[in-house]
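**Q** Need coordinates for the following:
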Amino acid sequence: MRILAAASLLLFSFAAICLAQAAPQIILTSSLEHRIEVIVRDKYSLSPNFAVTIGTPSPSQFNDYEKLPITISYQDKSQTVNFLLSNDGARLVQMQTFNLTTDPVFHIGTAGRPIRGNPNAKVTIVNFDDLECPFCAELYKELFPATFARYGNQVRFVYMDSPLPQHPWAMHAAVDAGCLAAQNGVAYWDYVDYMHRHFEEISAKAGDLKMSFAQLDQVAREEGTVNRLNGSQLDACIAKQDQSAVKASMAEAASLGINQVPTFYVNGERVDGALPENQIWSVLDRALRAEGLTPPASQTPNAQAPNQQIPNSSNTQAPAQ
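**A** Just a heads-up that it's a prediction; the model follows:
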């Protein structure tokens, strides 16, 4: 259980010089401890059944501030957060350190996933997708084909699996898509395209999951035939319904704090939800500029022909990030 909210807790501006102190300067009185607890409970929105324990101050790297550990507990779960407390007991600061090279947002495990777009593009859109999700289908409409018409070879797309438990056929569809991806990236993307265009039709049969599963398998086999895949290998994979790869992708989504779909990353920048294409394009433009590239000239959204073809990338797979 995640006790603490991901949003910022409490930030008081302060000026400090990075100097270690020789010994603690603060004496915690019961009154000061109470004030600290009140602030922590208020800013974290803690209910009364959470316990707040104020630790012992110790020297910090900041002049005039001491490190103060505060532990928040609920039943058998607890988390300790290090704060800074000014020597005069007037300011409480909560700080976080972010690693600009090893943070997980820059190292999403896309190795081996099919790529759509230019495999050598410097801007990568990694989307955590659920093939039964109506909002994912909306994002699909915004990303393709207008974004390809605008950006051409400047971007590439990689989809990751994040089926939600409340969607009864999403896991099965993700497994079938993975069976296609194991042989051919184009077949994978054709299947994903079909799912997002026809998810309502498949969901209409969700009262009988066997019918939904049968339709998912049928579409997968049809894509296999069109793309000349090894039919026996595909049939065996579909029959096995091995969820391990999908669950590994779901675990990565969980490690990134993803609890909704669609959620996508543009060179590490997180975007939640299905957004209008002009907002998506602003994120892509920002990533291109950061890579020293010039974004395409502005154009009116939805200006492309409605039957614009979506390019695929043959059997190209994403390299490790």
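
**Q** so how far is stretch 195-212 off the chain centroid?
**A** Counting by C-alpha atoms, centre = their mean, to the nearest Å, stretch 195-212 is centred 26 Å from the centre of its parent chain.

**Q** same deal with stretch 97-110?
**A** 12 Å.

**Q** Span of that stretch from start to end?
**A** End-to-end distance for stretch 97-110, by C-alpha to C-alpha, to the nearest Å: 26 Å.

**Q** Also stretch 198-207?
**A** 16 Å.

**Q** got the buried residues for that stretch?
**A** By 16 or more other C-beta atoms under 10 Å, the buried positions in stretch 198-207 come out as 199, 202-203. All C-beta spots, glycine's among them, are computed from the backbone N, C-alpha and C.

**Q** got any ranges where the stretch 1-150 of the chain has weak pLDDT?
**A** 1-24 (pLDDT under 70).

**Q** Leaving out sequence neighbours, find the closest residue to Leu234.
**A** Gly224 (4.5 Å; C-beta to C-beta, 6 or more residues apart in numbering).

**Q** ok, which stretches of the stretch 51-200 of the chain are helices?
**A** Secondary structure of the stretch 51-200 of the chain (DSSP state H, counting those that start in this stretch): helices at 134-143, 146-151, 170-181, 185-203.

**Q** what's the burial count for Tyr44?
**A** 20 (other C-beta atoms under 10 Å).

**Q** just checking, it touches Gln79?
**A** No. Using C-beta atoms under 8 Å, Tyr44 is not in contact with Gln79, being 10.4 Å away.

**Q** related to what we said a few turns ago, please work out how many residues are found near the residue nearest to Leu234.
**A** 25.

**Q** ok so it is a helix residue?
**A** Yes. Going by DSSP: H, G, I helix; E, B strand; the rest coil, the assignment for Gly224 places it inside a helix.

**Q** ok, it - contacts?
**A** Gly224 makes contacts with 180, 183, 187, 231, 234, as judged by C-beta atoms under 8 Å, 6 or more residues apart in numbering.

**Q** hmm, which of those residues are the buried ones?
**A** Burial by neighbour count, judged by 16+ other C-beta under 10 Å, picks out 180, 183, 187, 234 from the contacts of Gly224.

**Q** How about the first one, nearest residue that isn't a chain neighbour?
**A** With sequence-adjacent residues excluded and distances taken as C-beta to C-beta, 6+ apart, Leu180 is closest to Ala187, at 4.2 Å.

**Q** quick one, what contacts the one you found?
**A** Contacts of Ala187 (C-beta under 8 Å, 6+ apart): 180-181, 223-224, 226-227, 229.

**Q** and the gap between it and Thr263?
**A** Distance, Ala187 to Thr263, using C-beta to C-beta, to the nearest Å: 25 Å.

**Q** Helices of the stretch 201-321 of the chain, residue ranges please.
**A** So, for the stretch 201-321 of the chain - with DSSP H, counting those that start in this stretch - the helices run 209-226, 231-240, 244-255, 277-290.

**Q** and of the ones you listed, who's closest to Thr53?
**A** If you check each of these against Thr53 by C-beta to C-beta, helix 244-255 wins as the nearest, at 27.6 Å.

**Q** What are the buried residues along the closest one?
**A** 245-246, 249-250, 252-253.

**Q** Ser60: which of those residues is nearest?
**A** Distance to Ser60 across the buried residues of helix 244-255 (C-beta to C-beta) is lowest for Glu252, with 34.2 Å.

**Q** so the closest one makes contact with Thr110?
**A** No. Glu252 lies out of contact with Thr110 (C-beta under 8 Å); the separation is 9.5 Å.

**Q** so who does Met250 touch?
**A** 161-163.
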